[in-house]
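>>> Quick one, what's the 3D model for this:
(2 chains)
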Amino acid sequence: MDTKNIMIVGVGGQGSLLASKLLGHLLLSQGYDVKVSEVHGMSQRGGSVVTYVRYGDAVYSPVIDEGQADFIVSFELLEAARWLPYLKKDGIIVTNTQQIDPMPVITGAAEYPENLVDSLKNAGAKVDALDCLTLAEQAGSAKAVNIVLLGRLSHYFDLPDEVWMKSLEANVPAKFLEMNKKAFELGKNYK
Amino acid sequence: MSDNKQLMLGNKALARGLYEAGVCFISSYPGTPSTEITEEAAKYDEIYCEWAPNEKVAMESAFGACLAGRRAFCAQKHVGLNVAADPLYTMSYTGVNAGLVIVVADDAGMHSSQNEQDSRHHAIAAKVPMLEPSDSAEALEFAKTAFELSEKFDTPVIIKMCTRVAHSQSVVTVGERTVPDFPYEKNIAKYVMMPGNAKKRHPIVEARTKALAEYAETSPLNRVEMVGTKTGIITSSTSYQYVKEVFGDSVSVLKLGMVNPLPEKLIRDFAAKVEELYVVEELDPIIENYVKSLGIAVQGKDILPVCDEYSQNLIAKAFGKDVEKTFALETQIPNRPPVMCAGCPHRGLFYTLKKNKCTVLGDIGCYTLGAVPPLGAIEMTLCMGASIGALHGFNKVRGKDSEGKTVAVIGDSTFMHSGMTGLANVAYNQSNSTVIIVDNSITGMTGHQQNPTTGYNIKGDPAGKIDLEALCRAMGFERVRVVDPYNLAECDKVLKEELAADAPSVIISRRPCALLKYVKHNPPLKVNKELCIGCKSCMRIGCPAISVKEGKATIDNTLCVGCNVCSQMCPVGAFEGMVAGREA
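As a prediction, this is how the structure comes out:
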């Protein structure tokens, strides 16, 4: 099979590393060759961050390039827009609608664009946007935004729930498992 | 799936290789993208691991351990190898007893670095072999091979990582650990590098390089993937992965796992079999120039850039292949540069420096972000420790013009790394300099490593703790002040006093990093919208938790840690939820 590409984008500190760790575990358990490329260091300090997850029969490059992402999973709306050129023609953006102002907006040097979900759709992209922060809070913790997003992403995969649950169990602390399972369900079944 | 098969970060896989190779001693200084190797190795109880004050000390310690007869290792980022270059170049002459392996992690694309140097130059200049893995599985295997080569050829061996190999996870198969032991034997002619002895060692180094080049001809580290005779590409490291991504099995490839010394015959034979020859290598044209020196026609940097990292699309375009453009937005997307975290103790200090119109000579760490808007306080950053040396020179030539307004700002870990010697120069050669040590009680930028001032070792156990105040006084500084950077009035007062003083001084701006687990946060502040006049005074500190919505300051509850610096900026007391004059 051809290599499939999932980009996880967001703001440094939002918890995208757990999402990529869980996806890596899940895809390896399905017998795929997997590569996951992370970002460490300076860019973690509240900057724009991106993690690449690639899987298939044999994966070479650790990174995803413009026009190649089957999925862009975004923790923040502006970041979904920033990485749009990386989306494949028939790719899907799964995004949190949360907005976090970057420093140029905070200082007034730039403005946070309005109606970004519409702009993305008007550009021709398939967009699945949901308020993950509210759903995560419903599940019991604002920190579960990453699991809500993964739950939503699972909606597009032809994999039984048990497989996702196994990876969840392997990657989150036992005391938060029930809460995360709820967050996963809320994301998956969001209408 | 076999139980031994795991998805592993390149750096973690390399640490696994060190474990399996029976390494007993590791000493490193953290530096992105090399840090996780030593952190992961420290999780194995069988390996002694430590953070050294700097890379030179780390490498010398590793040398001592290999001399004593146990396999030893040190890791650093590319610029760290510059610091450790002094021992490296002469260790090439002494050779080793047990194996000694060194990792240097380059950062093409400068994700977290101050320059984009190509460390292969060090391997060539120091005349030591260099291996270059292209994924996690190779990182693990090459670590083990490197020790065998080190002992077989009596040389330190460098493994060159890069950001994309160090920080990518791919599949590895793990094995068992075996620990070789080499008795220590006195050998003055080999290990005492004074001219008479070194003169005899140099020809040995030259002969060794020849022997290594011979080994490279048939080593499994280098391999030919021959599929056709039209196009041949010589490549290594992550560039190999991009080449395979773009061309699959449609071109022939000479994949080099050993990049110094290079295999002349292997390259000649490969070149002779193909019509068109290319070299695809990130950064400098080192393989390309070597191929050209053999009189072989080759293309490389005429179609590929020297600057920045590569990717599959970049290589596809360079070779004239179409790259599909999919979506574009007309909307302007604002940048999201890294920023000082909410509650960062450096913020209050940099605000104070800016307010006093200081010329700030900076250093390497999170606090380099003091150079970006709206603080924009730092005017120079060069390398580890340079702030103090530069301040001394600046003040010596500008004298009274600069002494009262110019400062060096350096972190606690960076000060231990190479700031102390700069401070010794200020004390010795007597410049009236004001040095500020921003002590956040951790090595922050690289992800919270302990250092000699924190009182803990790499495993988090109690360790020696250097007293910064006592150290500065022992160097001869009579003026050593400690301030809390959350207290703007105190910072301002002490800064003014020390700049005005007619003697050199050290100000220690001390408060632990807000991200440290043991640091207790206050509840988020609230803005009283009735009181807020929308003057934006609070915006001048560049806190990501504060923005102005509908003309009034607004606090992001998920980010604010209640540090109270913003409320000290407010002329009308609109921030609520804090007791005035916070306690340390």
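>>> Now do the worst-scoring helix or strand of chain A on mean pLDDT: everything it contacts.
One helix or strand of chain A scores below all others by mean pLDDT, DSSP states H and E: helix A:103-106, with a mean of 89. If you take CB atoms under 8 Å, 6 or more residues apart in numbering or on different chains as the criterion, helix A:103-106 is touched by A:46, A:110-112, B:334-337, B:339, B:372-373, B:539, B:542, B:544, B:546-547. Where you see a C-beta, it was placed from the backbone N, CA and C, and this is true even at glycine.
>>> Kindly recompute the last result at 6 Å.
A:110, A:112, B:334-335, B:339, B:547 (CB atoms under 6 Å, 6 or more residues apart in numbering or on different chains).
>>> And for stretch A:166-185?
Where contact means CB under 6 Å, 6+ apart, the residues beyond stretch A:166-185 that reach it are A:21-22, A:25-26, A:136, A:139-141, A:144, A:147-148, A:151.
>>> Phi and psi next, for the nearest residue to residue B:382 once chain neighbours are set aside.
Spatially, and ignoring its direct neighbours in sequence, residue B:382 is nearest to residue B:390 (6.9 Å; CB to CB, 6 or more residues apart in numbering or on different chains). In terms of degrees, to the nearest 10, the main-chain angles of residue B:390 are phi -70, psi -40.
>>> so how far is residue B:424 from residue B:390?
Noted for residue B:390: a distance of 15 Å to residue B:424, by CB to CB, to the nearest Å.
>>> ok, the two, which is more surrounded?
residue B:390 (19 against 13; other CB atoms under 10 Å in any protein chain shown).
>>> Tell me, how many residues neighbour residue 67?
Using chain A here. Using other CB under 10 Å, residue A:67 has 17 neighbouring residues.
>>> right idea, wrong chain: chain B
Neighbour count for residue B:67, taken as other CB under 10 Å: 20.
>>> Equivalent analysis for residue B:105, please.
30.
>>> quick one: what helix or strand has it in it?
Assigned by DSSP states H and E, residue B:105 falls within strand B:100-106.
>>> Can you classify the residue positioned nearest the centre of chain A by secondary structure?
For chain A, the residue nearest the mean C-alpha position is residue A:73 (2.8 Å; CA atoms, centre = their mean). For residue A:73, the assignment made with DSSP: H, G, I helix; E, B strand; the rest coil gives strand.
>>> so what's it up against?
Taking CB under 6 Å, 6+ apart, one finds A:8, A:94, A:149, A:153 in contact with residue A:73.
>>> Over to residue B:133?
By CB under 6 Å, 6+ apart, residue B:133 lies in contact with B:139, B:142, B:165.
>>> For residue B:225, give its distance to residue B:513.
Separation of residue B:225 from residue B:513 (CB to CB) stands at 48 Å.
>>> just residue B:67 next, same as before
Noted for residue B:67: a distance of 37 Å to residue B:513, by CB to CB.
>>> Pretty sure residue B:137 sits against residue B:172.
Yes. Counting by CB atoms under 6 Å, residue B:137 touches residue B:172, with 4.8 Å between them.
>>> Looking at those two, which one has more neighbours?
Neighbour count, other CB under 10 Å: between residue B:137 and residue B:172, residue B:172 has more, with 24 against 18.
>>> Remind me which helix or strand that one belongs to.
strand B:168-173.
>>> just checking, what packs against the helix or strand just after that strand?
For strand B:168-173, the succeeding helix or strand toward the C-terminus, using DSSP H and E, is helix B:188-191. Helices and strands in packing contact with helix B:188-191 are not found; criterion 3 or more CB pairs under 6 Å, 6 or more residues apart in numbering or on different chains; DSSP states H and E.
>>> can you list contacts of helix B:188-191?
For helix B:188-191, the external contacting residues (CB under 6 Å, 6+ apart) are B:94, B:197.
>>> continuing past that helix, what's the next helix or strand?
Note on helix B:188-191: by DSSP H and E, the next helix or strand toward the C-terminus is helix B:195-218.
>>> Which strands and helices lie in contact with that next one?
Counting contacts by 3+ CB pairs under 6 Å, 6+ apart, helix B:195-218 packs against helix B:85-94.
>>> all helices of the stretch 1-150 of chain B, in order?
Along the stretch 1-150 of chain B, counting by DSSP state H, counting those that start in this stretch, helices occupy B:10-20, B:35-41, B:55-67, B:78-83, B:85-94, B:120-126, B:136-153.
>>> How far does the last one sit from its chain's centre?
Okay, so that is helix B:136-153. Centroid separation for helix B:136-153 versus its chain: 23 Å, with CA atoms, centre = their mean, to the nearest Å.
>>> Show me which parts of it are buried, residue by residue.
Within helix B:136-153, the residues scored as buried using 16 or more other CB atoms under 10 Å in any protein chain shown are B:136-147, B:149-151, B:153.
>>> Out of the contacts of stretch A:166-185, list just those in helices.
Members of those lying in helices (criterion: DSSP state H): A:21-22, A:25-26, A:136, A:139, A:147-148, A:151.
>>> between these, which is closest to chain B?
Relative to chain B, the closest of those is residue A:25; by CB to the nearest CB it sits at 7.0 Å.
>>> Skipping its backbone neighbours, what lies nearest that closest one in space?
Distances taken as CB to CB, 6+ apart put residue A:167 closest to residue A:25, at 4.6 Å, once the chain neighbours are dropped.
>>> Make TSV from the contacts of residue A:73 and add pLDDT, distance to chain B and secondary structure to it.
Output for the contacts of residue A:73, formatted as TSV (pLDDT from 0 to 100; distance: CB to the nearest CB, whole Å; DSSP: H, G, I helix; E, B strand; the rest coil):
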residue	pLDDT	distance to chain B	secondary structure
A:8	97	13	strand
A:94	98	15	strand
A:149	97	16	helix
A:153	98	18	helix
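>>> Buried subset of those residues, written for ChimeraX?
In ChimeraX, a selection of the buried entries from the contacts of residue A:73 looks like this (16+ other CB under 10 Å):
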select /A:8,94,149,153
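>>> Low-confidence bits of the chain, can you list those?
I went with chain A, as the question did not name one. By pLDDT under 70, the low-scoring segments of chain A are A:41-44.
>>> that's the wrong chain, I meant chain B
B:1-3, B:578-584.
>>> Can you report how many residues lie near residue 91?
Answering for chain A, as no chain was given. Neighbourhood size, residue A:91 [other CB under 10 Å]: 21.
>>> The chain in question should be chain B.
For residue B:91, the neighbour count with other CB under 10 Å is 24.
>>> Show the contacting residues for it.
With CB under 6 Å, 6+ apart, residue B:91 has these contacts: B:63, B:156.
>>> Relative to chain A, how far out is it?
Computed as CB to the nearest CB, to the nearest Å, the residue B:91 to chain A distance reads 28 Å.
>>> Using the record's assignment, carve chain B into domains.
Following automatic domain parsing, one gets these domains for chain B: B:5-218, B:223-318, B:346-510, B:526-576.
>>> Adding distance to residue A:157 as columns, could you present these in a markdown table?
Output for those, formatted as a markdown table (distance: least, CB to CB, whole Å):
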| stretch | distance to residue A:157 |
| --- | --- |
| domain B:5-218 | 18 |
| domain B:223-318 | 23 |
| domain B:346-510 | 32 |
| domain B:526-576 | 29 |
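>>> if you compare these, which one is most tucked away?
domain B:5-218 (a mean of 22; mean count of other CB atoms under 10 Å in any protein chain shown).
>>> Tell me the span between the first and last residue of it.
End-to-end distance for domain B:5-218: 28 Å, by CA to CA, to the nearest Å.
>>> Please apply the same query to stretch B:362-377.
Using CA to CA, the end-to-end distance of stretch B:362-377 comes out at 9 Å.
>>> At the contact with chain B, which residues of chain A appear?
A:24, A:28, A:34-38, A:40-43, A:45-48, A:60-63, A:65-67, A:81-82, A:84-85, A:87, A:89, A:101-107, A:110, A:113, A:119, A:123, A:125 (CB under 6 Å from any CB of the partner chain).
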